[in-house]
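1. how does the following fold in three dimensions:
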Amino acid sequence: MLKKPLIALTLLIVIVPAIAFAQNTNSSTTVRPRTTAPEQNTNRSTTETERGITVKKAATPAPAQQKPEPKPKPVTPEAPGSQSVTAAFNALINGIRKSDVPAITNAYWNSPRLVLFNNNGTVTKGWEQMRMNRESSTKDVKDVKLDVRDVSITMLGRDGALVNAIWTQSQTFKGTPESATGRMTLVFRRVGPSWKAIHLHTSPDRPDPSRVMPSEQTPTPTPNP
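-> Model prediction:
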């Protein structure tokens, strides 16, 4: 009867250490290192270089090539005083258009040495004679229309200028319409602060043939048969 309890006790002794061993194995304090994913390198070029990948960087766009600005064309400067000469010439022309004697006479040099070669072939000498002639003729003139073209101004130093032009004038003289065309040359000179005409030469562009020498007449073209 005593053999059975010994056997049971022996089995118990064998089982208990096995259970204790199993518990010790499952409750081991050894901590396995946690496996974490490596931090991603935000530096793309470094990461890809380490991996042996060749990265082609985007080419930096070249700055837009600016077109060269066109060089300004050279401008011929106006001769000193030419604007003042133009203003003096225009004042004379506007005075004739308005039959304004003071404006006309003020455009000329107030001197006995003033000389005018008139369109009718006569000569006026002296400012005072010119003023009287203008007052006499202007009172009978109305509706003056004066067109001046091809005006050319040549400066003669700082104090002189030459003005050339072609003119066409129509008006009513003592109630009768009349018109004429011609060429004029005016010589201006600086007199104090102003420019004054010191000489006028005007002539018709189609003169009376009887007043032209035969050697200077233009031959009439012969019509073809």
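2. distance check, Ala107 against Gln171.
-> Per CB to CB, to the nearest Å, Ala107 is found 19 Å from Gln171. For every residue, glycine as well, the C-beta is placed using N, CA and C.
3. more neighbours: these two, which one.
-> Applying other CB atoms under 10 Å to Ala107 and Gln171 shows that Ala107 carries more neighbours, namely 23 against 19.
4. for that one, give me its contacts.
-> Contact analysis of Ala107 by CB atoms under 8 Å, 6 or more residues apart in numbering lists Ala88, Ala91, Leu92, Gly95, Lys196, Ala197.
5. look at Asn224 and say how many residues are nearby.
-> Close neighbours of Asn224, defined as other CB under 10 Å, add up to 4.
6. part of a strand, is it?
-> No - counting by DSSP: H, G, I helix; E, B strand; the rest coil, Asn224 falls outside a strand, being coil.
7. now the helices for the chain?
-> Secondary structure of the chain (DSSP state H): helices located at 3-26, 44-50, 82-97, 101-106, 127-138.
8. and the fourth one, what's buried?
-> By 16 or more other CB atoms under 10 Å, the buried positions in helix 101-106 come out as Val101, Ala103, Ile104, Thr105, Asn106.
9. what's the closest of these to Asp150?
-> Taking CB to CB as the measure, Asp150 lies nearest Ile104 of these, at 21.8 Å.
10. give me the nearest residue to the closest one, chain neighbours excluded.
-> Once flanking residues are discounted, Ile104 sits nearest to Gly95: 4.1 Å by CB to CB, 6 or more residues apart in numbering.
11. surely that neighbour is in contact with Ala88?
-> No - counting by CB atoms under 8 Å, Gly95 does not reach Ala88; the two are 10.9 Å apart.
12. one step back: wait, which of the buried residues of helix 101-106 is closest to Val141?
-> Distances from Val141 to the buried residues of helix 101-106, taken as CB to CB, are shortest for Val101 (10.7 Å).
13. give me the low-pLDDT residue ranges for the chain?
-> Counting by pLDDT under 70, the chain shows low-confidence ranges at 1-81, 222-223, 225.
14. swap in 50 and give it another go.
-> Within the chain, the segments meeting pLDDT under 50 span 1-39, 41-51, 53, 55, 72-76.
15. ok, Gly157 to Leu92 distance?
-> On the measure of CB to CB, Gly157 and Leu92 end up 21 Å apart.
16. just to revisit the earlier point, list just the nearest of the buried residues of helix 101-106 to Lys142.
-> Using CB to CB, Val101 comes nearest to Lys142 of these, at 14.1 Å.
17. Thr138 is in contact with that closest one, correct?
-> Yes - counting by CB under 8 Å, Thr138 is a contact partner of Val101 at 5.5 Å.
18. hmm, back to that, and the contacts of Ala107, which two are the farthest apart?
-> Gly95 and Lys196 (13.3 Å).
19. nearest to Val123, of the contacts of Ala107?
-> Checking the contacts of Ala107 against Val123 with CB to CB, the nearest one is Ala197 at 15.3 Å.
20. please name the residues that touch the closest one.
-> Applying CB under 8 Å, 6+ apart, we find Ala197 in contact with Ala88, Phe89, Leu92, Ala107, Tyr108, Trp109, Leu186, Val187, Phe188.
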